[in-house]
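**Q** Need a 3D model of the sequence below.
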Amino acid sequence: MPAIINTHDTALAQRVIDTIKTCYDPEIPIDIWELGLIYEITIDEENNLAVKMTLTSPSCPVAEILPPEVEQKLREVEGIKSAKVEITFEPPWEKEMMSEVAQLELGFM
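**A** Now for the predicted structure:
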(Lines give C-alpha, C1' and ligand atoms only; values in the text may rest on other atoms or scores of the structure.)
Protein backbone atom coordinates (compact mmCIF):
# COMPACT_ATOMS: atom_id res chain seq x y z
CA MET A 1 0.00 0.00 0.00
CA PRO A 2 1.79 3.16 -1.15
CA ALA A 3 1.50 6.25 1.02
CA ILE A 4 -1.06 8.91 0.11
CA ILE A 5 0.71 12.21 -0.56
CA ASN A 6 -1.31 15.44 -0.40
CA THR A 7 0.71 18.53 -1.24
CA HIS A 8 1.12 21.54 -3.48
CA ASP A 9 4.94 21.16 -3.46
CA THR A 10 6.32 17.89 -4.82
CA ALA A 11 9.94 18.92 -4.19
CA LEU A 12 9.17 19.52 -0.52
CA ALA A 13 7.32 16.20 -0.35
CA GLN A 14 10.41 14.47 -1.75
CA ARG A 15 12.59 16.07 0.96
CA VAL A 16 10.10 14.78 3.54
CA ILE A 17 10.26 11.26 2.06
CA ASP A 18 14.06 11.39 1.93
CA THR A 19 14.09 12.31 5.63
CA ILE A 20 11.63 9.53 6.48
CA LYS A 21 14.01 7.12 4.74
CA THR A 22 16.63 7.95 7.40
CA CYS A 23 14.38 6.53 10.13
CA TYR A 24 14.64 2.85 11.00
CA ASP A 25 12.82 0.44 13.23
CA PRO A 26 15.84 -0.72 15.29
CA GLU A 27 14.64 -4.34 15.16
CA ILE A 28 14.43 -4.42 11.35
CA PRO A 29 17.30 -3.15 9.15
CA ILE A 30 14.93 -1.42 6.70
CA ASP A 31 13.78 2.21 6.78
CA ILE A 32 10.19 2.93 7.77
CA TRP A 33 9.27 4.18 4.27
CA GLU A 34 10.26 0.88 2.63
CA LEU A 35 8.58 -1.04 5.47
CA GLY A 36 5.30 0.62 4.51
CA LEU A 37 4.80 2.24 7.90
CA ILE A 38 3.93 5.64 6.39
CA TYR A 39 0.28 5.80 5.36
CA GLU A 40 -0.20 9.47 4.53
CA ILE A 41 1.78 12.70 4.11
CA THR A 42 -0.06 16.02 3.98
CA ILE A 43 1.60 19.40 3.50
CA ASP A 44 -0.80 22.33 3.63
CA GLU A 45 -0.46 25.71 1.87
CA GLU A 46 1.55 27.09 4.82
CA ASN A 47 3.94 24.09 4.76
CA ASN A 48 2.59 22.51 7.94
CA LEU A 49 3.28 18.79 7.70
CA ALA A 50 1.07 15.99 8.99
CA VAL A 51 2.18 12.37 8.74
CA LYS A 52 -0.01 9.39 9.49
CA MET A 53 2.03 6.29 10.25
CA THR A 54 1.73 2.92 11.91
CA LEU A 55 4.00 0.48 13.67
CA THR A 56 4.50 -3.18 12.90
CA SER A 57 2.26 -4.01 15.87
CA PRO A 58 0.44 -2.14 18.66
CA SER A 59 2.85 -3.70 21.16
CA CYS A 60 5.93 -2.62 19.18
CA PRO A 61 8.78 -1.97 21.65
CA VAL A 62 9.78 1.26 19.84
CA ALA A 63 6.29 2.81 20.06
CA GLU A 64 7.51 5.41 22.55
CA ILE A 65 10.74 6.19 20.68
CA LEU A 66 10.23 5.96 16.92
CA PRO A 67 7.29 8.37 16.31
CA PRO A 68 8.92 11.25 18.26
CA GLU A 69 12.21 10.61 16.41
CA VAL A 70 10.41 10.80 13.06
CA GLU A 71 8.58 13.97 14.10
CA GLN A 72 11.79 15.65 15.26
CA LYS A 73 13.63 14.84 12.02
CA LEU A 74 10.69 16.12 9.96
CA ARG A 75 10.66 19.43 11.84
CA GLU A 76 14.21 19.97 10.58
CA VAL A 77 13.32 19.56 6.88
CA GLU A 78 14.06 22.79 5.02
CA GLY A 79 10.79 24.48 4.12
CA ILE A 80 8.64 22.74 6.74
CA LYS A 81 6.93 25.14 9.17
CA SER A 82 5.68 22.49 11.61
CA ALA A 83 5.45 18.70 11.73
CA LYS A 84 3.06 16.36 13.49
CA VAL A 85 3.12 12.55 13.43
CA GLU A 86 -0.08 10.65 14.16
CA ILE A 87 -0.04 6.94 14.93
CA THR A 88 -2.82 4.73 13.61
CA PHE A 89 -3.41 1.01 13.51
CA GLU A 90 -6.12 1.17 10.84
CA PRO A 91 -5.49 -0.62 8.67
CA PRO A 92 -3.20 -2.92 10.64
CA TRP A 93 0.29 -3.23 9.17
CA GLU A 94 0.99 -6.42 7.21
CA LYS A 95 4.22 -7.57 5.57
CA GLU A 96 2.59 -7.12 2.16
CA MET A 97 2.74 -3.36 2.78
CA MET A 98 6.52 -3.45 2.44
CA SER A 99 8.08 -2.31 -0.80
CA GLU A 100 9.67 -4.90 -3.09
CA VAL A 101 13.05 -3.56 -1.96
CA ALA A 102 12.22 -4.34 1.68
CA GLN A 103 10.71 -7.73 0.86
CA LEU A 104 13.83 -8.72 -1.09
CA GLU A 105 16.13 -7.46 1.67
CA LEU A 106 14.25 -9.47 4.30
CA GLY A 107 13.98 -12.60 2.13
CA PHE A 108 10.21 -12.51 1.55
CA MET A 109 10.60 -12.63 -2.24
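**Q** How about the residue nearest in space to the middle of the chain, nearest residue that isn't a chain neighbour?
**A** The residue lying closest to the centre of the chain (CA atoms, centre = their mean) is Ile38, at 3.4 Å. Take Ile38 and drop its neighbours on the chain: the residue closest to it by CB to CB, 6 or more residues apart in numbering is Ala3, 4.6 Å away. Quick note: C-beta positions are derived from backbone N, CA and C, even for glycine.
**Q** The one you found touches Tyr39, doesn't it?
**A** Yes. Counting by CB atoms under 8 Å, Tyr39 is a contact partner of Ala3 at 6.0 Å.
**Q** quick revisit: next one: the residue nearest to Ile38 from Thr19, what distance?
**A** From Ala3 over to Thr19 the distance is 14 Å, taken as CB to CB, to the nearest Å.
**Q** and what of Phe89?
**A** Phe89 is 23 Å from Thr19, by CB to CB.
**Q** Specify which residue of those two has the higher count of neighbours.
**A** For Phe89 and Thr19, the more surrounded residue by other CB atoms under 10 Å is Thr19, and the numbers stand at 19 against 10.
**Q** Quick one: residues in contact with the helix or strand harbouring that one.
**A** For Thr19, the host element (DSSP states H and E) is helix 10-20. Residues outside helix 10-20 that contact it (CB atoms under 8 Å, 6 or more residues apart in numbering) are 5, 7, 31-33, 38, 41, 43, 47, 49, 51, 70, 73-74, 76-80.
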